[in-house]
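1. curious how this folds, go ahead:
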Amino acid sequence: MKTNREVAALSDALKPKYKAFADAYLSNGGNAYRAALTAKYSENFARAKSYQLLDREDIQDYITYRRKQMARRAVSPERVLLELAAIGFANATEVAKIEGGELVLADTEDVPADTRKAIVGIKQGQSGIEIKMADKIKALELIGRNLGMWESAETNEQEGVTIVDDIPE
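-> Now for the predicted structure:
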């Protein structure tokens, strides 16, 4: 096992493409195929050989080193996913709602903690109080991408027209 200092020196010598692959692998939750594409490897290489990159000792050492750095900063893929989930599943009606034709704002201490995470800003504007929420669609897209929910749909799409002969004779 190499020391952090040795790995830090090794990471400086690591090819930029290898470093890009390893960083993408860490940020996407451990999908070597997607990491290879992000690092600008060809589709064919990504499909057939992306996992071979993970067998390289220099890449493994760099990944281990980066994971230790991330842990020291209390950032983990799980924590990021939890934050994204709080944004993606936040209910704006816990912040503001219409009651009897009137806009009613909740006191911030009454808003659930997960919903508060989705609030980007609150300010007094020209037309009243403005509450800006984080982008739910983007958060859900990132969660889905991280969990690989869109891969099968993207890779199995067929082009052209399919004709189904289901008319009874």
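2. can you list the residue ranges for strands in the protein?
-> Assignment of strands within the chain using DSSP state E yields the ranges 96-99, 102-105, 119-125, 128-133.
3. what's the longest helix in this structure?
-> In the chain, taking DSSP state H as the definition, the longest helix is helix 57-72.
4. and it, what other elements does it pack with?
-> helix 4-13, helix 16-27, helix 43-54 (3 or more CB pairs under 8 Å, 6 or more residues apart in numbering; DSSP states H and E). From N, CA and C alone the C-beta is placed, and that goes for glycine too.
5. just the angle for that helix relative to helix 43-54, thanks.
-> Helix 57-72 and helix 43-54 are oriented at 80 degrees to each other (axes from the mean of the first three to the mean of the last three CA atoms, to 10 degrees).
6. list the buried residues of helix 57-72.
-> Of all the residues in helix 57-72, those buried under the rule 16 or more other CB atoms under 10 Å are 58, 59, 61, 62, 63, 65, 66, 70.
7. return the residues in contact with the residue nearest to residue 32 when sequence neighbours are not counted.
-> In this structure, residue 32 finds its nearest non-sequential neighbour in residue 50, 4.1 Å apart by CB to CB, 6 or more residues apart in numbering. Taking CB atoms under 8 Å, 6 or more residues apart in numbering, we find residue 50 in contact with 21, 32, 33, 35, 36, 41.
8. at 10 Å what do you get?
-> Applying CB atoms under 10 Å, 6 or more residues apart in numbering, we find residue 50 in contact with 21, 25, 31, 32, 33, 34, 35, 36, 37, 39, 41.
9. same deal with residue 86?
-> 112, 113, 114, 115, 116, 117, 118, 134, 139 are the contacts of residue 86 under CB under 10 Å, 6+ apart.
10. redo the buried residues of helix 57-72 as JSON lines? Include pLDDT.
-> Formatted as JSON lines, the buried residues of helix 57-72 follow (pLDDT from 0 to 100):
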{"residue": "58", "pLDDT": "92"}
{"residue": "59", "pLDDT": "94"}
{"residue": "61", "pLDDT": "90"}
{"residue": "62", "pLDDT": "91"}
{"residue": "63", "pLDDT": "92"}
{"residue": "65", "pLDDT": "88"}
{"residue": "66", "pLDDT": "88"}
{"residue": "70", "pLDDT": "78"}
